[in-house]
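In: how would this look folded up:
(4 chains)
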Number of protein chains: 2
Amino acid sequence: MIEVITQDRPVVVDALPATQQLAAWLKVLAEPRRLQILNLLIAGVQCNCELGDHLDMAPNLISHHLSVLRKAGLVEVERDAVDARWVYYSLNRATLAALNAAFGAFFDPTRIQPRRAVCGPQGNVLPAATIHVTKH
Amino acid sequence: MIEVITQDRPVVVDALPATQQLAAWLKVLAEPRRLQILNLLIAGVQCNCELGDHLDMAPNLISHHLSVLRKAGLVEVERDAVDARWVYYSLNRATLAALNAAFGAFFDPTRIQPRRAVCGPQGNVLPAATIHVTKH
DNA sequence: GATATACTTCAAGCATGATTGAAGTGATTA
DNA sequence: TAATCACTTCAATCATGCTTGAAGTATATC
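Out: Residues are numbered from 1 along each chain as shown, chains lettered A, B, ... in the order given. Below you'll find the predicted structure:
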């Protein structure tokens, strides 16, 4: 826990469970192929083979990514009642809702505070354009 | 581009710019320390040294992560007008708004389509609980 | 039972990127 | 001008995890 002093009372800028949970979800989502898989699941595509056809990926790789998504609670698994060899994946709407809530809470524009001049001379600030950007 | 057939008209499930852009942002955000840095920036903390104090990180590492955030357009840089040795980082609200919009659009619950039985016998589905989970 | 199907798990190889210490840059002060 | 300060860049190490091919599992069919 880190405390930042406001006018007269401390505000907690937690290093915290909520942020950690969001970080864990983002790590799972920060994979282009997993996002594509989610995109297909959202569109109603559900079996390993068809996901592979659409994304041009080996079935074991699809299986791996689906496993990661499943461990994160984002997708669920079912087997076909007629022929149980077929496996269908679907979205976990509750987790998706929690994810949306966590993301929205963290990046809520109204949370943004003005600069606190804790270090530095006094904090009169130059426009960004005047900065010397080093080229290499 | 991938086309999925709905009732009577094709719906584009693009492999697409919007998803690619979101994936790029998520990759930048999927780093616990960067999320913590953003969290501090949101709380009004802005110079490298103080971020380092709060997060117990070396200044060069902070600098590295801030550089990644800056290249993603999420933060901006300014130098102090009184003493230009001090550098202040702040959030780019426009990019943050675009990020929120992209995330919200991708994970919009109303986008979720019901299963399309394209492969598999017919798609009568068993509850997830009946699945045999292999242990090792 | 033997074979086929749909998928999963395992055991590498490999690439990306976080981390670290040292050197470098720009600005200020003595 | 020399020294200091705040920060950045560089080079190298190291860890995480994606990817791939092979082997394994569960289910269904012959």
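
In: so who does the residue in chain A sticking out farthest from the centre touch?
Out: Centroid-distance maximum for chain A: residue A:121 at 37.3 Å, with C-alpha atoms, centre = their mean. By C-beta atoms under 8 Å, 6 or more residues apart in numbering or on different chains, the contact list for residue A:121 reads B:80, B:82, B:83, B:86. C-beta here means a position set from N, CA and C on the backbone, and glycine is covered the same way.

In: of these, keep whichever come out buried.
Out: B:80, B:86 (16 or more other C-beta atoms under 10 Å in any protein chain shown).

In: within reach of DNA strand D, which of the contacts of residue A:121 are there?
Out: Contacts with DNA strand D within those, counted by C-beta under 7 Å from any atom of the strand: residue B:86.

In: which of the contacts of residue A:121 lies closest to DNA strand D?
Out: The closest of the contacts of residue A:121 to DNA strand D turns out to be residue B:86 (C-beta to the nearest atom of the strand; 4.7 Å).

In: wait, that closest one touches residue A:120, no?
Out: Yes. With contact defined as C-beta atoms under 8 Å, residue B:86 and residue A:120 form a contacting pair (4.1 Å).

In: please report how far residue A:119 lies from DNA strand D.
Out: Going from residue A:119 to DNA strand D by C-beta to the nearest atom of the strand, to the nearest Å gives 7 Å.

In: burial count for the nearest residue to residue A:20 once chain neighbours are set aside?
Out: Spatially, and ignoring its direct neighbours in sequence, residue A:20 is nearest to residue B:32 (6.9 Å; C-beta to C-beta, 6 or more residues apart in numbering or on different chains). Number of residues near residue B:32 (other C-beta atoms under 10 Å in any protein chain shown) recorded here: 17.

In: pretty sure residue B:32 is touching residue A:21, no?
Out: No. Residue B:32 lies out of contact with residue A:21 (C-beta under 8 Å); the separation is 10.8 Å.

In: partner residues bridging residue A:89?
Out: Residue A:89 has these beta-bridge partners by DSSP bridges: residue A:77.

In: find the centremost residue of chain A, please.
Out: Relative to the mean C-alpha position of chain A, the nearest C-alpha, by C-alpha atoms, centre = their mean, is the one of residue A:26, at 2.6 Å.

In: CA-only coordinates of the helix or strand where that one lies in CSV, if you can.
Out: Residue A:26 belongs to helix A:17-29 when elements are defined using DSSP states H and E. Taking Å, rounded to 0.1, in the frame of the first residue of the first chain, the C-alpha atoms of helix A:17-29 are listed here in CSV:
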residue,chain,number,x,y,z
PRO,A,17,-5.6,-6.8,-5.4
ALA,A,18,-7.8,-5.1,-7.9
THR,A,19,-4.8,-3.9,-10.0
GLN,A,20,-3.1,-7.3,-9.7
GLN,A,21,-6.3,-9.1,-10.9
LEU,A,22,-6.6,-6.7,-13.8
ALA,A,23,-2.9,-7.2,-14.6
ALA,A,24,-3.4,-10.9,-14.7
TRP,A,25,-6.4,-10.6,-17.1
LEU,A,26,-4.5,-8.2,-19.3
LYS,A,27,-1.6,-10.6,-19.5
VAL,A,28,-4.0,-13.3,-20.9
LEU,A,29,-5.6,-10.9,-23.3
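
In: now do the buried residues in it.
Out: Neighbour counts over helix A:17-29 (16+ other C-beta under 10 Å) mark A:19, A:22, A:23, A:25, A:26, A:27, A:28, A:29 as buried.

In: since that was my last question, I'll sign off now.
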